[in-house]
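**Student:** Below are the sequence and a predicted model; questions follow.
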Amino acid sequence: MGDKREDPSADIESVVADKLVLDQLFNRLDKLFPEARRIGELRMEGVSDRDIADLVGIPRSTFRSRLEKVEALLREDYGNII
């Protein structure tokens, strides 16, 4: 928890609105690419893209292509939030 700091300028309405948008974004991501959350977890653990592709059972090129397509779709839906 040491990486979290309170933002004294954040009001409760902003925090709730951000949480709602984040929930919507994750729901959309789950529909577009169900493996995305696991991929994110593995990346945060330092696992290479090649190893991640093996773990989720898809070729690395397919893995990279899907990530790029999903990112483009999410940018269309959520703009600069991503």
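**Tutor:** Yep, it's here. Numbering: from 1, shown residues only.

**Student:** alpha carbons only for contacts and neighbour counts from here, please
**Tutor:** Noted.

**Student:** Residue for residue, what is the longest helix this structure has?
**Tutor:** Using DSSP state H, we find that the single longest helix of the chain is helix 12-32.

**Student:** which secondary structure elements does that one contact?
**Tutor:** Contact partners of helix 12-32 among helices and strands, from 3 or more Cα pairs under 8 Å, 6 or more residues apart in numbering; DSSP states H and E: helix 36-44, helix 60-78.

**Student:** For the protein, which residues score under the pLDDT cut-off?
**Tutor:** 1-3 (pLDDT under 70).

**Student:** nearest to Gln24, of the helices and strands packed on helix 12-32?
**Tutor:** helix 60-78 (9.7 Å; Cα to Cα).

**Student:** Show me what counts as buried in the closest one.
**Tutor:** 60, 63, 67, 70, 74 (16 or more other Cα atoms under 10 Å).

**Student:** for stretch 25-34, same thing?
**Tutor:** 25, 28-29, 32.

**Student:** again with stretch 5-12
**Tutor:** Under 16+ other Cα under 10 Å, stretch 5-12 has no buried positions.

**Student:** could you measure the closest residue to Val70 other than its chain neighbours against Glu71, distance?
**Tutor:** Closest residue to Val70 apart from its sequence neighbours, by Cα to Cα, 6 or more residues apart in numbering: Leu32 at 6.5 Å. Distance, Leu32 to Glu71, by Cα to Cα, to the nearest Å: 10 Å.

**Student:** Phi, psi for Glu45 please.
**Tutor:** phi -80, psi -10 (degrees, to the nearest 10).
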